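Peer 1: Here you go, sequence then predicted model.
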There are 2 protein chains.
Amino acid sequence: MQDLDCLNALLNCFTKLPGVGYKTAERYAYRVVEMSRDEASHFANAIMAVKDQVKFCRTCGNFTTGEQCRICATRTGDTLCVVAYPKEIAVIERCHAFNGTYHVLHGVLSPLNKKGPEQLNIKSLITRLAGGQIREVILALSPDVEGEATANYLAALIKPCGVKVSRLATGIAMGVALEYADELTIGTALRNRTEV
Amino acid sequence: MQDLDCLNALLNCFTKLPGVGYKTAERYAYRVVEMSRDEASHFANAIMAVKDQVKFCRTCGNFTTGEQCRICATRTGDTLCVVAYPKEIAVIERCHAFNGTYHVLHGVLSPLNKKGPEQLNIKSLITRLAGGQIREVILALSPDVEGEATANYLAALIKPCGVKVSRLATGIAMGVALEYADELTIGTALRNRTEV
């Protein structure tokens, strides 16, 4: 893009967003040029507001603007759902099937990315379990290699505390045609078949 | 996304970028949360810098931070290339095959979007041609319905000025397998065949 330093600087900022390459960043930067000044300043202020206001809940690690997140402040219960990232809480909340509290690990075990147990929010999870109120921990981690490893590690860690540990069911996704499901998924679905 | 007003506000800003829906905007907003404060403030400043500094060249309508764009300031020549949007200048410049000046219409004729000749940067194009220095106008407009209509309209307007009018060649794109080219393209390529 031409000799405009400010446009290039903005383009570089956009390429730092997930999944945005040069071409997409260029389109975004051109859109900013077309914005009204009010719209642009609203955009810039929104970025700084998020950066200045969003913190992590001291109890569970979820996003919050206060000390505790909305969920920790309003819910009690004996079931705790462990997720890897705060955004996954939003996904689970949207299905209205869980009414307990959460705990965010802020990542999964991943030796290649230098993420060991010390880099995850595990210590405070054990402290919460030691409180004695939690009777079941649901591990809501993605069923991939790193998610499985993290789930196994956590299960071995939590079980000695006398807390029930469960995982989200794996199987064929709702609405998927059987012929398009992969072998691994069908194998798991067969093993975990439920009685009708 | 939870009850965080500032995150929702940023998410809404991101959905105004071209091709960005709710899910993508959510990913972008979460990425902003993960940014360092410096990175975020650099991002916010870059948006305002673009908005405050980027103007349109008074000669051709291209982006510039001064009065005239870099191309108008440094090049003379008797060939003028007409494009619909400033970003298309960058695309043509990258191929290093054109050394003349440009003129940006800032759109194409599109009755459905209430874009008539008065809404486009056509008046100043005619003024430039009246100067008498331009001998050829290349219409570099997309070969779709609106681009064709705009090209025909401009050709009828420019030819009486005694200026040669040409268009970018249409045909099979380089590297495309013939079997995947559509009928309309092959038809055009046949009609516009070149002698070897």
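Peer 2: Nice, I can see it.
Peer 1: any low-confidence regions in chain A?
Peer 2: A:1-3 (pLDDT under 70).
Peer 1: What is the burial count for residue A:35?
Peer 2: A count of neighbours around residue A:35, defined by other CB atoms under 10 Å in any protein chain shown, yields 18. For every residue, glycine as well, the C-beta is placed using N, CA and C.
Peer 1: Give me the most central residue, chain A.
Peer 2: residue A:85 (2.2 Å; CA atoms, centre = their mean).
Peer 1: Run a quick neighbour tally on residue A:152.
Peer 2: Using other CB under 10 Å as the criterion, residue A:152 is surrounded by 13 other residues.
Peer 1: Where does it fall, secondary structure wise?
Peer 2: If you go by DSSP states H and E, residue A:152 is part of helix A:145-158.
Peer 1: Can you point out the buried residues in stretch A:52-66?
Peer 2: Neighbour counts over stretch A:52-66 (16 or more other CB atoms under 10 Å in any protein chain shown) mark A:53-54, A:56-57, A:59-65 as buried.
Peer 1: hmm, that stretch touching chain B?
Peer 2: Yes - residues of stretch A:52-66 contacting chain B under CB under 8 Å from any CB of the partner chain: A:52-54, A:62-65.
Peer 1: Determine which two of those residues are furthest apart.
Peer 2: Using CB to CB, these span at most 17.9 Å, a distance reached by A:52 and A:62.
Peer 1: got the contact list for the helix holding residue A:152?
Peer 2: If you take CB atoms under 8 Å, 6 or more residues apart in numbering or on different chains as the criterion, helix A:145-158 is touched by A:82, A:84, A:105, A:108-110, A:117, A:120, A:122, A:125-126, A:129, A:137, A:139, A:141, A:165, A:167.
Peer 1: Residue A:140: what's it in contact with?
Peer 2: By CB under 8 Å, 6+ apart, the neighbours of residue A:140 are A:81-83, A:88, A:92, A:167-168.
Peer 1: By residue count, tell me the biggest helix in chain A.
Peer 2: helix A:37-53 (DSSP state H).
Peer 1: After it, which helix or strand is next?
Peer 2: Counting by DSSP H and E, the next helix or strand C-terminal to helix A:37-53 is strand A:55-56.
Peer 1: just to revisit the earlier point, what does the longest helix of chain A rub up against?
Peer 2: By CB under 8 Å, 6+ apart, the residues outside helix A:37-53 that reach it are A:32, A:35, A:65, B:4, B:6-7, B:9-10, B:12-13, B:16, B:29, B:32-33, B:35, B:37, B:40-41, B:43-45, B:47-48, B:50-52.
Peer 1: Give me the buried subset of those.
Peer 2: For those, buried by 16+ other CB under 10 Å: A:32, A:35, A:65, B:4, B:6-7, B:9-10, B:13, B:29, B:32-33, B:35, B:40-41, B:43-45, B:47-48, B:50-51.
Peer 1: helix or strand for residue A:80, which one?
Peer 2: Judged by DSSP H and E, residue A:80 forms part of strand A:79-83.
Peer 1: who's in contact with the helix or strand that comes right after that strand?
Peer 2: Once the chain leaves strand A:79-83, the next helix or strand it forms, by DSSP H and E, is helix A:86-94. With contact meaning CB under 8 Å, 6+ apart, helix A:86-94 is reached by A:56, A:61-63, A:71, A:81, A:83, A:98, A:102, A:104, A:106, A:140, B:1-2, B:26-27, B:30.
Peer 1: if you set the cut-off to 10 Å instead, what comes out?
Peer 2: A:54, A:56-57, A:60-64, A:69-71, A:81-83, A:85, A:98-99, A:102-106, A:138, A:140-142, A:168, B:1-2, B:7, B:26-27, B:29-30, B:33 (CB atoms under 10 Å, 6 or more residues apart in numbering or on different chains).
Peer 1: didn't residue A:71 look like it was pressed against residue A:61?
Peer 2: No - using CB atoms under 10 Å, residue A:71 is not in contact with residue A:61, being 11.3 Å away.
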